[in-house]
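[1] predicted model and sequence follow; I will ask about them next.
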Amino acid sequence: MTIQTIPVQKDLQATRRAAADAWRSELSKRGILCVNLISSPGAGKTSLLQATARHWAGTAKMAVLVGDIATDRDAQRLAPLVPVRQLTTGGACHLELPLVQTGFGQLAPEELEGLEFLFVENVGNLVCPASHDLGEHMRVVVLSVTEGDDKPGKYPKAFRTSDACVINKIDLLPYVPFSLDAVTTDAHAVRGDLPVLPVSAFKGDGISAWCEFLRQKREEFLK
Amino acid sequence: MHERSLVRSLIAQVNEELRNRGLTSDSQTSQTLSGHTTSNSDRLPSKGSDPFDHGMRTHLQGIRLEIGEFSGVEPSLIQLAFEEMALEAWGHAVELDLEIIPLTAECLTCKTRFRVEAFRFVCSDCHGTNVQIRSGEQMQLVSLDIEPIGTSESTTV
């Protein structure tokens, strides 16, 4: 018998994209800005969230869903400050939407009441998280100065799909060969309009500018 | 490393496309198909109206897939995962024809459309960075190659 070709033309990502879009608009309706934080391990995502929570000190209502392959160490660090749920992937190198939705569903009604910012702290990895839409309004990539200023071009998808770049650990700039100008130029070759925000989550530099940036973005997205 | 989960959804999509056209793959095991046949028969008053009863039995020969250069998956890993998972799904080898779609963008300032080289999203003409991706992010199931064998009625009785 002869071979027949059946034309199909189906987008394999359509179902996932539709699910992420639906989740995004559900969060918008509730007045929640969702921020997906991605970075390599140890860049300081949890420290940034601790600094953010301390800066706001209850003046903005936030909650965190924190993803890791194992342990609830990050959730333990954040629990004294803000409502947090640990998402344990059991080996997977990135978060996917259903796990995020499960974690969100575990937040108590009083934690959800008036919630303004939902942070999803992804598994430390600059590769796979870049390919998974978690229904966030903004993706923020965190890069610390000890990692080197050549990283945007090496992980183009992470930087191209992000809506802001936080440069963390700037208190260490005197001790490491890292140029803020060089990293900004490299990041802008990947995404020309990427806002670059230098901070030290440890010392507190740049945290008020970062928090103000988030408030502005919430106004923009949810107006 | 999410190539396996992509291949899993590819296989599910292929089976759905075959089902929607009333086709069955020759080596899809009865357990894969009987679930559908049973549930459909349960709901439908006449067994004869179940498309699977008259389903054309086919041999799935090949799958054509377009993968964007910037889709975030590695074609060689897709091939490896597919070889293994196609055997599990259909019981025989199926050819996967992968076409890599180049990453192109359009400059929103001067309207030049250009090939993005080395992931530098900088206009080849005016060197502006206000650019939008036009191709290279997709994962598209393009077509299926099948070889008809006969109807299920003639082979199952």
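    Arrived safely, thanks for sending. Bear in mind the structure is a predicted one, so any value in this text is a computation, not a measurement.

[2] tell me, how many residues neighbour residue 79?
    Since no chain was named, I'll use chain A. Residue A:79 sits with 14 neighbouring residues when counted by other C-beta atoms under 10 Å in any protein chain shown. All C-beta spots, glycine's among them, are computed from the backbone N, C-alpha and C.

[3] not quite, I wanted chain B
    13.

[4] flag every residue of chain A that's near chain B.
    Contact residues, chain A versus chain B (C-beta under 8 Å from any C-beta of the partner chain): A:1-13, A:15, A:93-94, A:127-128, A:130-132, A:153, A:156-157, A:160, A:188-193.

[5] just the buried ones from those residues?
    A:8, A:10, A:12-13, A:94, A:127-128, A:130-132, A:153, A:156-157, A:160, A:188-192 (16 or more other C-beta atoms under 10 Å in any protein chain shown).

[6] now whatever residue of chain A ends up closest to chain B, what's its secondary structure?
    In chain A, the residue that lies nearest chain B is residue A:192 (2.5 Å; C-beta to the nearest C-beta). At residue A:192, secondary structure determined by DSSP: H, G, I helix; E, B strand; the rest coil is coil.

[7] what values do phi and psi take at it?
    Backbone torsions for residue A:192, taken as degrees, to the nearest 10, come to phi -60, psi -30.

[8] any residue of the lengthiest helix in chain B touching chain A?
    The longest helix of chain B (DSSP state H) is helix B:3-20. Yes: counting by C-beta under 8 Å from any C-beta, chain A has neighbours in helix B:3-20: B:6, B:9-10, B:13, B:17.

[9] what's in contact with that helix?
    Under the contact criterion C-beta atoms under 8 Å, 6 or more residues apart in numbering or on different chains, helix B:3-20 has outside partners A:6, A:8, A:10, A:12, A:15, B:24-25, B:28, B:32, B:36, B:52, B:58, B:60, B:63, B:65, B:73-74, B:77-78, B:80-82, B:85-86, B:89, B:139, B:141, B:144, B:146.

[10] elements contacting the following helix or strand past that helix?
    Using DSSP states H and E, the helix or strand that follows helix B:3-20 towards the C-terminus is strand B:23-25. Contact partners of strand B:23-25 among helices and strands, from 3 or more C-beta pairs under 8 Å, 6 or more residues apart in numbering or on different chains; DSSP states H and E: helix B:3-20, strand B:56-68.

[11] just name the most buried of these.
    Mean neighbours per residue, mean count of other C-beta atoms under 10 Å in any protein chain shown, is largest over the helices and strands packed on strand B:23-25 for strand B:56-68, with a mean of 20.

[12] so what's the gap between the very next helix or strand once past it and the chain middle?
    Using DSSP H and E, the helix or strand that follows strand B:56-68 in sequence is helix B:75-90. In terms of C-alpha atoms, centre = their mean, to the nearest Å, the centre of helix B:75-90 is found 12 Å from the chain centre.

[13] perfect, I'm done here.
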